[in-house]
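In: using only what follows, build the 3D model:
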Amino acid sequence: MLQDDTDNQSHNPETESPAPVRIVLSGAEITAEGLRHLLEKEADMEVVAIASNTDDAVRYVTGHKPDVLLIDALERGSGKAAKELTDLIAERSPGTEVVFLTHMADPLNARDALRNGVNGYVLKEDDPSQLFAALRHAAGGKPYLSPKIAVALAKLSPESGVRELTDREVEVLRLVGLGHTNAEISEKLHLSVRTIESHRAHLQEKLDVHTRAELVRVAIDRGLVG
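Out: Modelled structure (predicted):
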């Protein structure tokens, strides 16, 4: 009887901790070790490997299949260079998302990065809580931008397409860009899920896109995420 009680307790979901966010770091050794120390203070984060270059990062991602590859990305133009990396990661480990940590406070660089498959863009000057949030969002398949970058993108002139949308469609597009599901958007806007689905269908028709990922890219392009 005692054995049965113990077994039941060990399988009780309420007593089990959530699985940690598993991370591969890529960057200069000293910087990466500092990041490891910072991240592993968080109970829900685990650094499984540290890579000193992109080739090693891809190799470790292939072997460990982490939730997130965190890249210490310092180079100008790294947003455009991201596509080759993200395509390779998607091929080797489809469940792994990529997050950039960088000094580059350039909204266009950030926009290029997210267009090309990066799921998070955080500045080194940001509070560490922003990096933690980006990693958690990325592990859940949701994009995340540094608040400073989000504000800068919002100040960019929107492309003409967004002016053709209703105010409600713009709000739905913004929430899709932030990674919310139809049910979550329904709750936030106090509308039925069916109404949200209708708004999304109209958005896809007006913007000539066909998938949720494309809607997210449009929201980012229009500076609506932030």
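In: after the helix or strand bottoming out on mean pLDDT in the chain comes which helix or strand?
Out: Here the helix or strand of the chain ranked lowest by mean pLDDT, DSSP states H and E is helix 2-10, holding a mean of 43. Next in sequence after helix 2-10, counting helices and strands by DSSP states H and E, comes strand 21-26.
In: ok, and what's touching that next one?
Out: 32, 35-36, 39, 44-54, 56-57, 60-61, 64, 66-72, 96, 135-136, 139 (Cβ atoms under 8 Å, 6 or more residues apart in numbering). Every C-beta, even on glycine, is put in place using the N, C-alpha and C of the backbone.
In: buried subset of those residues as a ChimeraX selection?
Out: This is how ChimeraX selects the buried members of these, with burial counted by 16 or more other Cβ atoms under 10 Å:
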select :32,35,36,39,45,46,47,48,49,50,51,57,60,61,64,66,67,68,69,70,71,72,96,135,136,139
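In: among the contacts of strand 21-26, which lie within strands?
Out: 45, 46, 47, 48, 49, 50, 51, 68, 69, 70, 71, 72 (DSSP state E).
In: surely the first one is in contact with residue 20?
Out: Same thing as residue 45. Yes. With contact defined as Cβ atoms under 8 Å, residue 45 reaches residue 20; the gap is 5.7 Å.
In: residue 22 - how many residues pack around it?
Out: A count of nearby residues for residue 22, using other Cβ atoms under 10 Å, gives 17.
In: where do the domain boundaries of the protein fall?
Out: Each domain of the chain is listed here as a residue range: 19-153, 157-221, per automatic domain parsing.
In: quick one: the helices in the chain?
Out: For the chain, applying DSSP state H gives helices covering 2-10, 29-39, 54-64, 78-92, 107-115, 128-139, 147-155, 167-177, 182-189, 193-207, 212-221.
In: which of those sits closest to residue 101?
Out: Comparison of the helices of the chain against residue 101 by Cβ to Cβ identifies helix 128-139 as nearest, at 6.4 Å.
In: quick one: contacts for the residue lying closest to residue 64 once chain neighbours are set aside?
Out: Nearest non-adjacent residue to residue 64, counting by Cβ to Cβ, 6 or more residues apart in numbering: residue 48, 4.7 Å away. Listed by Cβ under 8 Å, 6+ apart, the contact partners of residue 48 are 22, 23, 24, 60, 64, 66.
In: how about a cut-off of 10 Å?
Out: 20, 22, 23, 24, 25, 60, 61, 63, 64, 65, 66, 67 (Cβ atoms under 10 Å, 6 or more residues apart in numbering).
In: can you redo those as CSV with distance to residue 225?
Out: Shown next, in CSV, are the contacts of residue 48 (distance: Cβ to Cβ, whole Å):
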residue, distance to residue 225
20, 26
22, 26
23, 23
24, 25
25, 25
60, 29
61, 26
63, 33
64, 29
65, 28
66, 24
67, 21
